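Asker: build me a model from this:
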Amino acid sequence: MYTKLVSHHVGARDGGIPLPILPAFARDMLNVMYEADRDAIEQIRVLWSRNGCETRVLPYCLSDRSGSAILNVNFDAYTSSLLPFDSRYSHYYMHHAAAGVDYVLGEACRPMVRKPVQSVTLDELMARGDLADAPPDLLSLDTQGTEYAILEGGRATLRRVLAVYCEAEFVPIYQGQKLFCDLVTLLSAAGFRLAGCYLHEGFSPLRAPIGARAEGQLFGSDLLFLREIDTLKEVIPEIGERYLAFHKLAFISVLFRLLEHGLFVVEAADKLDVAAETLSRFEGISYYAFLRRLREAAAMLPAKRPPTVGEAKDFAEMQARFWVSPAERR
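Answerer: Here you go, the predicted model:
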């Protein structure tokens, strides 16, 4: 039973990951990072060298199949992708306030270098032992249009994943990319529920002068999916291991500010018949101890809640919002 909470992040060019790794919990977490561009690997390692969390930085290009591929390194390297940019969106832009520039997609996504790479699937990496000791609890993806392909290549691995965080577009900025609905459909069928949608800044088709600008059109978002807990019984039949998985899922929920979902999952874990000896093995795990204290603190709060709609309203009051009285109808 691997007690560390394991985060796998694909597309780690600048070393950033969506899961907060707080100092109090770093010793009980493992951070695995993938980056297809080998020129970025050393910078990522340096950035994480003093974090206090065990980190592995891997020069792998993940996809839905293994073989030769071309990585398009674009003018803005953050937009680099295995997929070519769709020139239909070249004239769209957003204002990047921090840099004080208009961010025009046709400029940012212009390919500057085409690098040959070898792609590999996540399932293949797990099967051959590269990461068999540390399968992902959280899988996060930011690969500019190839997120769906990576999930396709990791279907077996995905069965035990507790949460997925991935970028999803509403329009095909890259040629042939899968979109928001495709990702939701794939992950829903795999036992996940969409729990968070964090919209990106909008893009506009006309670069109007200052004074004639407002909101842009939504092109993309980041999505958080959480495992449906009733799917874990089949995937993790051993009760002690499933109990720990529940606490990992609860901790991920809390880190993404879904506090009540976290408490819900801890309550579900407490309904499992876990041996006292097994429970004692978890007491030294920082995130486990935190969740137990969190549940105790929540239980000490006064049982005060607003009334539910069914308690506060009757059917006539609810219907009165839509229908005029018989007298008014006459």
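Asker: distance of A108 from A99?
Answerer: Noted for A108: a distance of 11 Å to A99, by CB to CB, to the nearest Å. Any C-beta I mention is one placed from the backbone N, CA and C, and that applies to glycine too.
Asker: ok, the two, which is more surrounded?
Answerer: Taking neighbours as other CB atoms under 10 Å, A108 and A99 compare with A108 leading, 18 against 8.
Asker: contacting residues around the more buried one?
Answerer: N74, F75, D76, T79 (CB atoms under 8 Å, 6 or more residues apart in numbering).
Asker: nearest residue to it in space, please, no chain neighbours.
Answerer: D76 (4.0 Å; CB to CB, 6 or more residues apart in numbering).
Asker: and if you look at L58?
Answerer: Nearest non-adjacent residue to L58 (CB to CB, 6+ apart): Y34, at 5.2 Å.
Asker: now that neighbour. Its backbone dihedrals?
Answerer: Dihedral pair for Y34: phi -120, psi 140, per degrees, to the nearest 10.
Asker: F203 now?
Answerer: phi -120, psi 150.
Asker: what is the burial count for A149?
Answerer: Neighbours of A149 (other CB under 10 Å): 22.
Asker: and it, that one's in a strand?
Answerer: No - applying DSSP: H, G, I helix; E, B strand; the rest coil, one finds A149 to be helix, outside a strand.
Asker: confidence score at it?
Answerer: A149 carries a pLDDT score of 98 in this model.
Asker: re the thing from before, secondary structure for the contacts of A108 - can I get that in CSV?
Answerer: Conversion of these to CSV gives the following (three-state DSSP):
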residue, secondary structure
N74, strand
F75, coil
D76, coil
T79, helix
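Asker: give me the buried subset of the residues you listed.
Answerer: Buried members of the contacts of A108, counted by 16 or more other CB atoms under 10 Å: N74, T79.
Asker: spatially, which two of the contacts of A108 are the most separated?
Answerer: Longest distance between any two of the contacts of A108 is 7.8 Å, between F75 and T79; criterion CB to CB.
Asker: hey, what's in contact with both of the two?
Answerer: With contacts taken as CB under 8 Å, 6+ apart, F75 and T79 have A108, C109 as neighbours in common.
Asker: thinking again about what came up before, and which of the contacts of A108 is nearest P116?
Answerer: Using CB to CB, the contacts of A108 come closest to P116 at N74, 16.2 Å.
Asker: hang on, the earlier thing: please report how far the residue nearest to A108 lies from Q175.
Answerer: In terms of CB to CB, D76 sits 18 Å off from Q175.
Asker: and what of R88?
Answerer: Noted for R88: a distance of 10 Å to Q175, by CB to CB.
Asker: where exactly do the helices run in this structure?
Answerer: With DSSP state H as the criterion, the chain has helices at 41-48, 105-108, 122-127, 147-152, 155-158, 180-189, 232-235, 239-255, 259-270, 276-282, 286-300, 309-312, 315-319, 326-329.
Asker: could I get those helices as CSV with distance to V6?
Answerer: Output for the helices of the chain, formatted as CSV (distance: least, CB to CB, whole Å):
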stretch, distance to V6
helix 41-48, 15
helix 105-108, 33
helix 122-127, 12
helix 147-152, 17
helix 155-158, 11
helix 180-189, 19
helix 232-235, 16
helix 239-255, 9
helix 259-270, 18
helix 276-282, 16
helix 286-300, 12
helix 309-312, 41
helix 315-319, 47
helix 326-329, 63
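Asker: worst average pLDDT in the ones you listed?
Answerer: helix 326-329 (a mean of 62).
Asker: OK, contacts around G153?
Answerer: Taking CB under 8 Å, 6+ apart as the test, what G153 contacts is L62, S63, D64, R65, T121, L122, D123, E124.
Asker: now it. Its backbone dihedrals?
Answerer: phi -80, psi 0.
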